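K.L.:
3D model of this:
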Amino acid sequence: MVMTCQPLHDAVLAVEKMNEQPAERILLSPQGRRLDQATVEELASLPRILLIAGRYEGIDERVIEELNPREISIGDYVLSGGELPALTLADAVTRLIPGALGHDDSAQEDSFTIHDDQGHRMLDVPHYTRPRVWQDREVPEVLISGDHGAVDAWRRAKSEERTRDRRPDLLE
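P.N.:
From the prediction side, this is the model:
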(Lines give C-alpha, C1' and ligand atoms only; values in the text may rest on other atoms or scores of the structure.)
Protein backbone atom coordinates (compact mmCIF):
# COMPACT_ATOMS: atom_id res chain seq x y z
CA MET A 1 0.00 0.00 0.00
CA VAL A 2 1.31 3.40 -1.06
CA MET A 3 -0.29 6.71 -0.17
CA THR A 4 -1.69 8.37 -3.28
CA CYS A 5 -0.63 11.83 -4.45
CA GLN A 6 -3.59 14.17 -4.60
CA PRO A 7 -5.17 13.73 -1.15
CA LEU A 8 -1.82 14.08 0.59
CA HIS A 9 -0.78 17.04 -1.56
CA ASP A 10 -4.12 18.77 -0.89
CA ALA A 11 -3.87 18.11 2.84
CA VAL A 12 -0.37 19.62 3.09
CA LEU A 13 -1.42 22.73 1.16
CA ALA A 14 -4.59 23.10 3.25
CA VAL A 15 -2.62 22.94 6.50
CA GLU A 16 -0.11 25.45 5.19
CA LYS A 17 -2.92 27.89 4.33
CA MET A 18 -4.15 27.81 7.94
CA ASN A 19 -1.32 30.14 8.94
CA GLU A 20 0.59 32.85 7.08
CA GLN A 21 3.85 31.67 8.63
CA PRO A 22 5.63 29.32 6.19
CA ALA A 23 6.10 25.77 7.44
CA GLU A 24 9.18 23.59 7.19
CA ARG A 25 7.86 20.39 5.60
CA ILE A 26 9.29 17.25 7.18
CA LEU A 27 8.69 13.72 5.93
CA LEU A 28 9.41 11.02 8.50
CA SER A 29 11.23 8.35 6.49
CA PRO A 30 13.81 5.64 7.18
CA GLN A 31 15.63 7.06 4.14
CA GLY A 32 16.06 10.50 5.71
CA ARG A 33 18.90 12.06 7.66
CA ARG A 34 19.07 10.55 11.13
CA LEU A 35 17.52 12.76 13.82
CA ASP A 36 19.98 14.14 16.34
CA GLN A 37 19.94 16.85 18.99
CA ALA A 38 21.45 19.46 16.66
CA THR A 39 18.57 18.93 14.21
CA VAL A 40 16.03 19.05 17.05
CA GLU A 41 17.54 22.37 18.20
CA GLU A 42 17.34 23.75 14.67
CA LEU A 43 13.70 22.66 14.26
CA ALA A 44 12.78 24.16 17.65
CA SER A 45 14.05 27.52 16.43
CA LEU A 46 11.74 27.50 13.39
CA PRO A 47 8.41 29.30 13.58
CA ARG A 48 6.42 26.35 12.18
CA ILE A 49 6.99 22.75 11.12
CA LEU A 50 4.62 20.43 9.26
CA LEU A 51 5.11 16.71 9.79
CA ILE A 52 4.20 14.22 7.06
CA ALA A 53 3.92 10.59 8.10
CA GLY A 54 3.59 7.79 5.55
CA ARG A 55 2.15 4.35 6.19
CA TYR A 56 3.20 0.84 5.10
CA GLU A 57 5.17 1.25 1.85
CA GLY A 58 5.14 5.00 2.19
CA ILE A 59 4.13 7.80 -0.16
CA ASP A 60 4.00 8.00 -3.94
CA GLU A 61 7.36 9.39 -4.99
CA ARG A 62 5.79 12.03 -7.22
CA VAL A 63 4.15 13.85 -4.32
CA ILE A 64 7.43 13.71 -2.39
CA GLU A 65 9.16 15.32 -5.37
CA GLU A 66 6.41 17.96 -5.64
CA LEU A 67 6.31 18.85 -1.94
CA ASN A 68 10.09 18.58 -1.54
CA PRO A 69 10.07 17.96 2.24
CA ARG A 70 13.14 17.51 4.39
CA GLU A 71 13.35 13.77 5.11
CA ILE A 72 14.20 12.75 8.67
CA SER A 73 14.67 9.26 10.14
CA ILE A 74 14.63 8.37 13.83
CA GLY A 75 16.94 5.40 13.29
CA ASP A 76 18.21 2.72 11.01
CA TYR A 77 15.14 0.49 11.13
CA VAL A 78 11.68 0.41 9.56
CA LEU A 79 8.31 0.83 11.26
CA SER A 80 4.85 0.29 9.79
CA GLY A 81 4.28 4.02 9.59
CA GLY A 82 5.66 7.45 10.32
CA GLU A 83 3.26 8.24 13.18
CA LEU A 84 5.58 7.17 15.99
CA PRO A 85 8.59 8.92 14.46
CA ALA A 86 6.42 12.06 14.11
CA LEU A 87 5.50 11.86 17.80
CA THR A 88 9.15 11.33 18.71
CA LEU A 89 10.24 14.36 16.73
CA ALA A 90 7.35 16.48 18.08
CA ASP A 91 8.22 15.59 21.69
CA ALA A 92 11.94 16.29 21.21
CA VAL A 93 11.23 19.67 19.61
CA THR A 94 8.51 20.67 22.08
CA ARG A 95 10.85 20.18 25.06
CA LEU A 96 13.06 22.97 23.67
CA ILE A 97 10.30 25.55 23.30
CA PRO A 98 10.57 28.13 26.10
CA GLY A 99 7.99 27.45 28.80
CA ALA A 100 7.39 23.81 27.82
CA LEU A 101 9.39 22.45 30.76
CA GLY A 102 9.16 23.49 34.40
CA HIS A 103 12.46 25.37 34.33
CA ASP A 104 13.91 27.12 31.28
CA ASP A 105 17.38 25.61 31.84
CA SER A 106 16.13 22.02 32.20
CA ALA A 107 16.61 21.08 28.55
CA GLN A 108 20.09 22.62 28.55
CA GLU A 109 21.26 20.02 31.06
CA ASP A 110 19.99 16.97 29.15
CA SER A 111 22.07 14.39 27.33
CA PHE A 112 23.42 15.58 23.97
CA THR A 113 23.09 19.26 24.92
CA ILE A 114 25.82 19.27 27.55
CA HIS A 115 29.09 20.28 25.93
CA ASP A 116 32.63 19.74 27.14
CA ASP A 117 35.47 22.22 26.56
CA GLN A 118 35.99 20.86 23.02
CA GLY A 119 32.32 21.25 22.06
CA HIS A 120 31.41 17.56 22.26
CA ARG A 121 27.82 16.75 23.14
CA MET A 122 27.88 14.79 26.35
CA LEU A 123 25.56 12.45 28.24
CA ASP A 124 23.66 13.63 31.30
CA VAL A 125 24.76 12.81 34.84
CA PRO A 126 23.18 10.35 37.28
CA HIS A 127 20.18 11.74 39.16
CA TYR A 128 19.10 11.00 42.72
CA THR A 129 16.14 11.68 45.00
CA ARG A 130 14.96 10.66 48.47
CA PRO A 131 15.60 8.64 50.50
CA ARG A 132 19.25 9.47 51.07
CA VAL A 133 20.02 5.75 51.45
CA TRP A 134 18.15 3.07 49.53
CA GLN A 135 19.09 -0.62 49.74
CA ASP A 136 22.53 0.32 51.14
CA ARG A 137 23.13 2.72 48.22
CA GLU A 138 23.76 6.32 49.18
CA VAL A 139 23.32 9.57 47.32
CA PRO A 140 26.86 10.86 46.65
CA GLU A 141 27.94 13.09 49.54
CA VAL A 142 29.01 15.93 47.25
CA LEU A 143 25.41 16.37 46.05
CA ILE A 144 24.17 17.11 49.56
CA SER A 145 27.22 19.12 50.63
CA GLY A 146 25.86 22.51 49.62
CA ASP A 147 29.15 23.30 47.80
CA HIS A 148 27.89 24.41 44.39
CA GLY A 149 31.39 24.51 42.89
CA ALA A 150 32.07 20.94 43.99
CA VAL A 151 28.67 19.82 42.66
CA ASP A 152 29.40 21.44 39.28
CA ALA A 153 32.82 19.75 39.14
CA TRP A 154 31.24 16.39 40.04
CA ARG A 155 28.59 16.83 37.35
CA ARG A 156 31.21 17.66 34.68
CA ALA A 157 33.33 14.66 35.68
CA LYS A 158 30.35 12.27 35.73
CA SER A 159 29.14 13.56 32.36
CA GLU A 160 32.57 12.93 30.83
CA GLU A 161 32.85 9.50 32.49
CA ARG A 162 29.40 8.38 31.31
CA THR A 163 30.01 9.62 27.79
CA ARG A 164 33.40 7.87 27.61
CA ASP A 165 31.92 4.62 28.98
CA ARG A 166 28.56 4.51 27.19
CA ARG A 167 28.91 6.62 24.04
CA PRO A 168 32.59 7.12 23.18
CA ASP A 169 31.50 7.93 19.61
CA LEU A 170 30.32 11.32 20.89
CA LEU A 171 33.89 12.21 21.81
CA GLU A 172 35.36 11.44 18.39
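
K.L.:
next, the buried residues of the longest helix along the chain.
P.N.:
The residue-count maximum for a helix in the chain (DSSP state H) belongs to helix 148-166. Buried residues in helix 148-166, counted by 16 or more other Cβ atoms under 10 Å: Val151, Trp154, Arg155, Lys158, Ser159, Glu160, Arg162, Thr163. To be clear about C-beta, it is placed using only N, CA and C from the backbone, and glycine gets the same treatment.

K.L.:
pLDDT below threshold where in the chain?
P.N.:
Within the chain, the segments meeting pLDDT under 70 span 104, 114.

K.L.:
distance check, the residue lying farthest from the centre of the chain against Leu84.
P.N.:
Distance from the C-alpha centroid of the chain peaks at Asp136, with 35.3 Å (Cα atoms, centre = their mean). Asp136 is 40 Å from Leu84, where distance means Cβ to Cβ, to the nearest Å.

K.L.:
looking at the chain, which strand is longest?
P.N.:
strand 24-34 (DSSP state E).

K.L.:
quick revisit: any chance of a markdown table for the buried residues of helix 148-166, columns distance to Thr88?
P.N.:
Formatted as a markdown table, the buried residues of helix 148-166 follow (distance: Cβ to Cβ, whole Å):
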| residue | distance to Thr88 |
| --- | --- |
| Val151 | 32 |
| Trp154 | 31 |
| Arg155 | 27 |
| Lys158 | 27 |
| Ser159 | 24 |
| Glu160 | 27 |
| Arg162 | 23 |
| Thr163 | 22 |
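
K.L.:
which parts of the chain are helices?
P.N.:
5-17, 37-44, 61-67, 83-94, 148-166.

K.L.:
show me which residues of the second one are buried.
P.N.:
So that's helix 37-44. Neighbour counts using 16+ other Cβ under 10 Å place Thr39, Val40, Leu43, Ala44 of helix 37-44 among the buried residues.

K.L.:
any chance of a markdown table for the residues you listed, columns distance to Asp169?
P.N.:
Compiled in a markdown table, the buried residues of helix 37-44 are given as follows (distance: Cβ to Cβ, whole Å):
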| residue | distance to Asp169 |
| --- | --- |
| Thr39 | 17 |
| Val40 | 18 |
| Leu43 | 23 |
| Ala44 | 24 |
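
K.L.:
which of those lies closest to Glu66?
P.N.:
Glu66 lies nearest to Leu43 out of the buried residues of helix 37-44, by Cβ to Cβ, at 22.1 Å.
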